[in-house]
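>>> Here is a sequence together with a model predicted from it:
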Amino acid sequence: MPLQLFNTMGRKLETFTPITPGKVSFYGCGPTVYNYAHIGNLRAYVFQDILARTLRFLGYKVTHVMNITDVGHLTGDDDGGEDKMVKSAREKGRSVLETADFYMQAFFRDTDQLNILRPDIVCRATEHIPDMIALIRRIEANGHTYQAGGNLYYDVTSFPSYGELAGLRLSDLKAGASDRIDVDPNKRNPFDFVLWFTKSKFENQALVWDSPWGKGYPGWHIECSAMSMKYLGEHFDIHTGGIDHIPVHHTNEIAQSEGATGKKWVNYWLHNEFLVLNKEKMSKSSGDFLTLGKLLEKGYESSDYR
């Protein structure tokens with residue numbers, strides 16, 4: 001029986017057909033390592049693990065890539081707020097990289113407890129800045145960017161299919177933008193997003209790099225595009241993440257990736273649902289979350305959660 005996957009792009013079950021017969025290229029969004037993962041976060045990695053194991057059981061040679069975000073992910077996915085890594089480092093009295101190392105090790109202790117196989121390639125954002133800059137330059141050369149307020153923005157109106165993954169049209173997004181995100185006065189369109197930060201969000205940023213647009217740091221979305229392409233190429237089979245990634249993060253990844261290459265980037269988009277606690281989405285920002293360690297302290301086994 002052929003494997004069927006529910007593809008978020010199109011919202012339907014599709015028979016899986018890999019780009020290269022017998023091989024699967026698979027990128028899964030990884031953690032931003034500013035705090036312990038809660039059991040809602042860990043659901044995404046159990047999901048990735050089950051998918052990878054299923055594909056291998058069916059005889060495919062799988063290349064599974066996962067990122068570690070240790071710079072550029074702001075407290076608001078829409079370029080608002082402060083870098084989560086900087087905020088956590090300040091609160092914990094550590095450097096940003098010490099914070100990243102600490103929580104990355106904690107994350108892998110949890111995934112090991114859950115018998116989640118390590119991805120074939122784990123890539124840290126801070127170790128791939130040149131790849132991000134190179135990809136941004138391609139996007140810029142194709143006419144998708146503008147500079148304002150010291151930042152380099154992606155112009156979503158230059159990408160006609162923007163919002164397709166989320167089932168939205170750009171004209172609808174414009175009309176309803178104020179309901180979803182705060183307006184950045186530097187943006188031509190509320191849904192434009194930052195590829196490279198320089199002057200704004202710069203004052204408290206601990207990690208900065210030289211670039212053609214000035215000393216600064218990358219936006220969150222460009223990280224996944226650059227790292228996935230580095231290890232899987234410009235067209236690959238599967239991209240996974242949580243449903244919260246659909247309207248902003250993955251929508252923006254598609255725009256910038258296909259804006260750079262001019263061709264389809266990913267064939268199958270798979271998203272896991274939230275885990276709820278007391279009928280609410282589990283969230284670090286709310287402070288109401290349960291870690292695997294706390295669950296084990298209550299007498300549960302890691303296999304019970306899995």
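Sure, I can see it.
>>> From here on, just use CA atoms for contacts and neighbour counts.
OK.
>>> for the stretch 51-200 of the chain, what spans make up the strands?
Applying DSSP state E, counting those that start in this stretch to the stretch 51-200 of the chain gives strands spanning 61-68, 121-124, 145-148, 151-154, 193-197.
>>> Now render those strands as TSV, adding mean neighbour count, distance to S95 and mean pLDDT.
Formatted as TSV, the strands of the stretch 51-200 of the chain follow (neighbours: other Cα atoms under 10 Å; distance: least, Cα to Cα, whole Å; pLDDT from 0 to 100):
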stretch	mean neighbour count	distance to S95	mean pLDDT
strand 61-68	20	17	98
strand 121-124	17	16	98
strand 145-148	17	30	96
strand 151-154	25	25	96
strand 193-197	26	20	94
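>>> Need those in JSON lines (columns: distance to K92).
Formatted as JSON lines, the strands of the stretch 51-200 of the chain follow (distance: least, Cα to Cα, whole Å):
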{"stretch": "strand 61-68", "distance to K92": "20"}
{"stretch": "strand 121-124", "distance to K92": "21"}
{"stretch": "strand 145-148", "distance to K92": "33"}
{"stretch": "strand 151-154", "distance to K92": "29"}
{"stretch": "strand 193-197", "distance to K92": "25"}
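>>> Show me the shaky parts of the stretch 151-300 of the chain.
Within the stretch 151-300 of the chain, the ranges that satisfy pLDDT under 70 run 171-183, 199-204, 279-280, 282-288.
>>> let's see 80
For the stretch 151-300 of the chain, the stretches with pLDDT under 80 are 169-184, 199-206, 276-289.
>>> on that earlier part again, compare the strands of the stretch 51-200 of the chain and give me the one nearest T240.
When the strands of the stretch 51-200 of the chain are compared by Cα to Cα, strand 61-68 sits nearest T240, at 9.7 Å.
>>> on contacts alone, who are the packing partners of the closest one?
Helices and strands touching strand 61-68, as assessed by 3 or more Cα pairs under 8 Å, 6 or more residues apart in numbering; DSSP states H and E, comprise strand 23-28, helix 39-57, strand 121-124, helix 220-232.
>>> List the contacts of T157.
L170 (Cα atoms under 8 Å, 6 or more residues apart in numbering).
>>> Next, find the distance separating it from D192.
T157 sits 8 Å away from D192, taking Cα to Cα, to the nearest Å as the criterion.
>>> residue contacts, the closest residue in space to V122 that isn't next to it in sequence?
Leaving out its chain neighbours, the residue that sits closest to V122 by Cα to Cα, 6 or more residues apart in numbering is M66, at 5.0 Å. Residues in contact with M66, defined by Cα under 8 Å, 6+ apart, are Y27, G28, C29, G30, P119, I121, V122, C123.
>>> Look up which residues are beta-bridged to M66.
Note on M66: beta-bridge partners by DSSP bridges are G28, V122.
>>> What distance do you get for it to R169?
For M66 relative to R169 (Cα to Cα), the value is 30 Å.
>>> cool, E258 as well?
For E258, the distance to R169 - Cα to Cα - is 17 Å.
>>> Appreciated, that's everything.
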